[in-house]
Structure formats: structure tokens, C-alpha cells
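Student: need coordinates for the following:
(2 chains)
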Amino acid sequence: MQLSALLFTQLPQYLLNLTNPSATPLSASITNPSLPILPEDMAETRFTLPALPYAYDVSSISFDFNVGPFERALEPYISGQIMRIHHSKHHQAYVNNLNAAAANHVRALQENDLHAQINLQQAMYCTSRFKFNGGGHINHSLFWANLTPANTSQAKPESAPKLAEAISAKYGSYSGFKDEFTGALLGLQGSGWGWLVKNKKTEQLGIVTTKDQDPVVGDLAPIFGIDMWEHAYYLQYFNDKTSYVDGIWNIINWDTAEGRYLDRCGTLKL
Amino acid sequence: MSLFRIARPTIARRSLLTPSVRYKHTLPNLPYDYAALEPAISGKIMELHHSKHHQTYVNSLNDAEEKYADAVSANDVQRQIALQPLLKFHGGGHINHTLFWENLAPKSSGGGEPPSGKLAGAITVTYGSVENLKKNMNVSLAGIQGSGWSWLVKDKDTGALQVIAMPNQDPVVGKYVPLLGIDAWEHAYYLQYQNRKAEYFSAVWDVVNWKAAEARYRAAA
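Tutor: Numbering: from 1, shown residues only, chains lettered A, B, ... in the order given. Below you'll find the model as predicted:
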């Protein structure tokens, strides 16, 4: 099975099964083979770090006559140093730990089968590692793809005509939407993410925050996300997260957002 | 008229309470220079951490308390409950950082010198050695998924020592008495250590003020 398909279709649902309190209890969900997600599939897969669709910084790219030299990184809104560490260290660590957690998870299941009993504590530990690192991988993969260098056409909200219409209908105006989103981002207490989401059942837009690396799952589909972990901005903005949020509106990839809104993306290409 | 009589004292008391400097929390002075914890923690980190982050918790706590006092005066229970997460977050941030600055010290003032007295004895009973306690605490710190703190605490009910992790700015309350806290928020180390947080957790022990932990342990007896 294709990695990206596995990641973006099965993993969120699997995480939902693990985390939804109304879902099957943990002990049942990890032993019931009729559940749609088989953790064994996960462990056969090695998740990998997706390449960034742009350069870390302007100095590391060569001149392109079609685009020019300065349009293919997120600077000055997110520095090359932040992007390099965020992608090559933080995201890579989520990927590595996810691969390890998936392998441990399956080993625990096999041992439980063997002894015909659930070591609940061990299962909880594996689940927590799996959810955290799986969420970290999903969130960052979505994040890189919903950003774009400021001078690209994708960075203009006009690249998302249908979504812009829905935003105006729901929030009155683009600036009203930005204000509300900004308020949600700055109100986060601790590490987490802010998301524009679409409810798959009602088609309604919404703004939600998720804590730590919890991914957007269930009825909500992520349209774009903004990382509010301190590692996403601290080297450049320090405690001034308001300036980070103000800047990031210049580098939202509205083309990607439109695609996700219209379900055109399917699974994200990694 | 009678309504006025009931209402007026409340308003008068409020106007005394809310703008009063007496009830406002203030940023405590650091008992050492910003650069005094180097090389374990850089001066730049300490300056931002104390003068910006901690100051913001103090300001936001004062702001939240003012709003809370209004809600109490208005007898608006819903608004009081809605404000409680803010109070907990910023109040916790103020408490945690105040404890943290105290339980750190430059090497020249005894930072990193091993604990002694009853606390040292209790650590040996529970963890075998101070080194093993550090290991336990570093595992706790490394396991925090997001922002938070790890604490060496004393359980008031049993008298036993324990290492616990708290998310975000949740303060140590209830049956636990905080003895020693280490900040695992990224702002506590990122400018110096970036993603290499294990190096920060290892280095911070060079500037732990065990005297402060001992005093807290004694006070909790």
C-alpha cells in the first residue's frame, strides 16, 4: 500500500479509534481483528520524512528564471534556520519515533496474544507514543504543504475562490476570519495547533485548536493548520508570537487549502 | 432605595480591591544575574524567560483576577467558571516560575552541590542515590508530550518522595508539595539547545539549588 494513502486515510482513523472515549474500549480495540484498521499494516510500513516543496532559505537555492531567486523559501516570515531545524530535526524525530512506536505496538499485541491477556499499562504507553508521534507526522506533513513562499500565486487568497466564498459567508469577511483565527491561536495554553476545518457531514467551516500533537480526526477535515509550538517561531520571534501569527498569513498556500476544501487532494502526495 | 444600600458596599469594596496595588501580583526579582547560570542556561534565555514570559504570566494573572472579581461581584457563576482556565494557566505560570528561579542557583552560590540532611536521606531511601533520582526526573522530562514541567514532590499523605510531570502551567497542588521543578517548555532552552532538549535536561542539574529543595522539604514536614 502506498505510504501516503496509509498515513492519511488509516492513521487518523486509527488514532480516533484509540482516543475517542465513546469508541470501543482500548482492551477490545487492540485485540478485535474486525476493526477496520489493522495495526500490523502500520508496522510493516516505514514512515518517511516528506521533502519540503520549497527551500529552507533563500541562500540555499539557485536562480530559477521562471520564479526568481527569492520566491522559493518562507523567509522573511519564517527564517531558514527555523525551517531547517523544524523539518530536518523535529519532523524527522516524529517520523523515527512513530516507526519505533508502531513496531513496539505490534510487538505488544503479539505478546498479548501469546499470553492471552492485555498488559493495559504497556498498551497505554504504546498508544500514547503512537498517537503523539503519529500526530506529529500528520500535522507537520499537512503544515509544510499548506505553506508557500510569499511571492507565489498560491499565497494569494484569490487562489481559493470557493473557500474564500465560504469564509466570507461564515465569518463576514476575510479580515473577520483572520481575527477569529488569530484569537484562537494566541489563546492556546501550551503547545498545540490551530486549524481551519470543514465538517465533513455539514460542510460547515470551523476554527479549532488541538493540543500538543493531537491531529484533526473524525468528522473534521483539516484545510490548513498553523503550528503554535514554540519551536515553530522562537528562534526568530522569541516570546512575540503575535508577530509570528501576523506574518504567517503571507505564506498560507491557498491553492492547497482550496484543494482540501473541495476534497480535490485525496491523499497528500509525499 | 434598599437595593441601593445592598449594592453600594459591594461596589465600594470592589473599587478598593481591583485597582489596588496591594492585591496585584508582581514579578519577583531574580536572586542572581541573568548570565549567572551560564553555561547551563544562557543569559539571553534567562532574560527573556524572566522579563518577558514570567512578566506576561503576572500581567495576565492580574488581568484574569480583576475579571474574576467582577464576575464574583456580579454573582455571575458562569463567567467565573469560564475564567478559571485562565486563572489556572497564568496563576500556574506565576507559581511555577517563582519556584523555579528559587530552586536554581549559580555554581558560585552552591548550584549543583548535592543535597544534604533529611532530604538527602529521603532521596536515598526512595531512589537509591541522587544520580538515580536525576535519571528518573530526566526520563519524566523527556516524556512530556508538549509543554510542561517535572517536579520532585513530597506526598503529604504518605511522606514519600515522588517525581511527577504536569502539563502546560498546571501547578502542583493538593496532596503534593513541590520541592524542585524543572521547566520543560521549549522557551526554557530552545535558544541554546534547540531540539537537543536532553542536553538541557542533563546540564540543568549543574545549577540546581538543592538548598531551596531542602528548605521546602523541611517546611512540608
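Student: just the helices in the stretch 51-200 of chain A please.
Tutor: Per DSSP state H, counting those that start in this stretch, the stretch 51-200 of chain A carries helices over the ranges A:80-85, A:92-115, A:120-145, A:161-171, A:174-186.
Student: how about the last one: buried residues?
Tutor: Buried residues in helix A:174-186, counted by 16 or more other C-beta atoms under 10 Å in any protein chain shown: A:Phe177, A:Lys178, A:Phe181, A:Thr182, A:Ala184, A:Leu185. (C-beta placed from N, C-alpha, C; glycine too.)
Student: how far off helix A:161-171 does it point, in degrees?
Tutor: 80 degrees (axes from the mean of the first three to the mean of the last three C-alpha atoms, to 10 degrees).
Student: please work out the average pLDDT along helix A:174-186.
Tutor: Helix A:174-186 carries an average pLDDT of 98.
Student: so how far is that helix from its chain's centroid?
Tutor: In terms of C-alpha atoms, centre = their mean, to the nearest Å, the centre of helix A:174-186 is set 19 Å apart from its chain centre.
Student: in chain A, which helix or strand is least confident?
Tutor: Here the helix or strand of chain A ranked lowest by mean pLDDT, DSSP states H and E is helix A:26-29, holding a mean of 36.
Student: determine which of the helices of the stretch 51-200 of chain A approaches chain B most closely.
Tutor: Chain B lies closest, by C-beta to the nearest C-beta, to one member of these: helix A:120-145, at 4.6 Å.
Student: if you count neighbours, what's buried in that closest one?
Tutor: A:123, A:125-127, A:129-145.
Student: repeat that for stretch B:202-221.
Tutor: For stretch B:202-221, burial by neighbour count (16+ other C-beta under 10 Å) applies to B:203-205, B:207-214, B:216-217.
Student: mean pLDDT per helix and strand in chain B: which one sits at the bottom?
Tutor: helix B:2-17 (a mean of 42).
Student: centre of the chain to stretch B:147-158, how far?
Tutor: Put simply, stretch B:147-158 sits 12 Å off its chain's centre (C-alpha atoms, centre = their mean).
Student: which non-adjacent residue is nearest A:Met228?
Tutor: Spatially, and ignoring its direct neighbours in sequence, A:Met228 is nearest to A:Leu188 (5.0 Å; C-beta to C-beta, 6 or more residues apart in numbering or on different chains).
Student: for residue 90, which residues are in contact?
Tutor: Since no chain was named, I'll use chain A. By C-beta atoms under 8 Å, 6 or more residues apart in numbering or on different chains, A:His90 lies in contact with A:Gly136, A:His140, A:His231, B:Asn195.
Student: wait, chain B
Tutor: B:Tyr57, B:Val58, B:Ser60, B:Leu61, B:Ala64, B:Gln169.
Student: which strand or helix spans it?
Tutor: Following DSSP states H and E, one finds B:His90 within helix B:77-102.
Student: buried residues in that helix?
Tutor: For helix B:77-102, by 16+ other C-beta under 10 Å, it's B:80, B:83, B:86-102.
Student: can you give me how far that helix is from the chain middle?
Tutor: Computed by C-alpha atoms, centre = their mean, the chain-centroid distance of helix B:77-102 equals 10 Å.
Student: what does stretch B:141-159 give?
Tutor: Worked out by C-alpha atoms, centre = their mean, stretch B:141-159 lies 12 Å from the chain centre.
Student: list the contacts of the residue most central in space within chain B.
Tutor: Nearest to the mean C-alpha position of chain B, by C-alpha atoms, centre = their mean, lies B:Asn96 at 0.7 Å. By C-beta under 8 Å, 6+ apart, B:Asn96 lies in contact with B:Trp149, B:Gln169, B:Pro171, B:Gly181, B:Asp183.
Student: so which of the residues you listed comes closest to B:Asp33?
Tutor: Ranked by distance to B:Asp33 (C-beta to C-beta), those are led by B:Asp183 at 18.6 Å.
Student: and that closest one, what is it in contact with?
Tutor: Shown in contact with B:Asp183 (C-beta under 8 Å, 6+ apart): B:His49, B:Asn96, B:His97, B:Phe100, B:Trp149.
Student: ok, 6 Å please
Tutor: By C-beta atoms under 6 Å, 6 or more residues apart in numbering or on different chains, the contact set of B:Asp183 is B:Phe100, B:Trp149.
Student: low-confidence ranges, chain A, go.
Tutor: A:1-45, A:60-71, A:112-120, A:266-270 (pLDDT under 70).
Student: try 90
Tutor: Along chain A, segments meeting pLDDT under 90 span A:1-46, A:57-72, A:100-130, A:263-270.
Student: domains in it, by residue range?
Tutor: Recorded structural domains for chain A (assignment: automatic domain parsing) are A:3-46+A:56-66+A:77-145, A:153-261.
Student: around chain B, pick out the residues from the stretch 1-150 of chain A.
Tutor: For the stretch 1-150 of chain A, the residues in contact with chain B (C-beta under 6 Å from any C-beta of the partner chain) are A:Ile85, A:Lys89, A:His90, A:Phe132.
Student: so which of the residues you listed comes closest to A:Glu165?
Tutor: Distances from A:Glu165 to the residues of the stretch 1-150 of chain A next to chain B, taken by C-beta to C-beta, are shortest for A:His90, at 35.3 Å.
Student: centre-most residue in chain A?
Tutor: Nearest to the mean C-alpha position of chain A, counting by C-alpha atoms, centre = their mean, stands A:Asn139 at 1.5 Å.
Student: residue contacts, that residue?
Tutor: In this structure, A:Asn139 makes contact with A:Trp193, A:Gln213, A:Pro215, judged by C-beta under 6 Å, 6+ apart.
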